[in-house]
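>>> structural data only, the sequence is not supplied:
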């Protein structure tokens, strides 16, 4: 497991002290190659915006985190390449197309996808796609 696809639920925990932030930090420090579709920046940005609206962080803090995230060592893939597969996964597994894009990237490269999104994780555990998913606390 030298390469992992990470979703935004993991990435945001690299910056904010939340539940599972320690596990997210271990993933970052593990020296694994980390992959993500290109829209991860928009997803992380949107999460930071929500936290600002809820007054959990200030706008300058959110902007600073987003700027730091842009410099993180992620190998980025165009979501355009995976959108058809993501659509099919979304319809088949009743997940969002966004989540399907992360999963399609993992499937396409034979990688595992790590998430801290409990709803997404649990929705796939009963099916064959669950074999490609790792809960954030289960990474070593």
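Perfect, thanks for sending it. Bear in mind the structure is a predicted one, so any value in this text is a computation, not a measurement.
>>> what helices and strands are in contact with the helix or strand bottoming out on mean pLDDT in the chain?
Counting by mean pLDDT, DSSP states H and E, the weakest-scoring helix or strand in the chain turns out to be helix 118-124, with a mean of 88. Secondary structure elements in contact with helix 118-124, counted by 3 or more Cβ pairs under 8 Å, 6 or more residues apart in numbering; DSSP states H and E, are strand 133-135. Quick note: C-beta positions are derived from backbone N, CA and C, even for glycine.
>>> burial count for residue 138?
Applying the criterion other Cβ atoms under 10 Å, we find 10 residues in the vicinity of residue 138.
>>> ok, now residue 69?
Per other Cβ under 10 Å, the neighbour tally for residue 69 reads 19.
>>> per-residue confidence for it?
We note a pLDDT of 96 for residue 69 in this prediction.
>>> equivalent analysis for residue 135, please.
Per-residue confidence at residue 135 stands at 94 (pLDDT).
>>> buried sites along stretch 100-116?
Of the residues in stretch 100-116, those with enough neighbours to count as buried (16 or more other Cβ atoms under 10 Å) are 100-107, 111-116.
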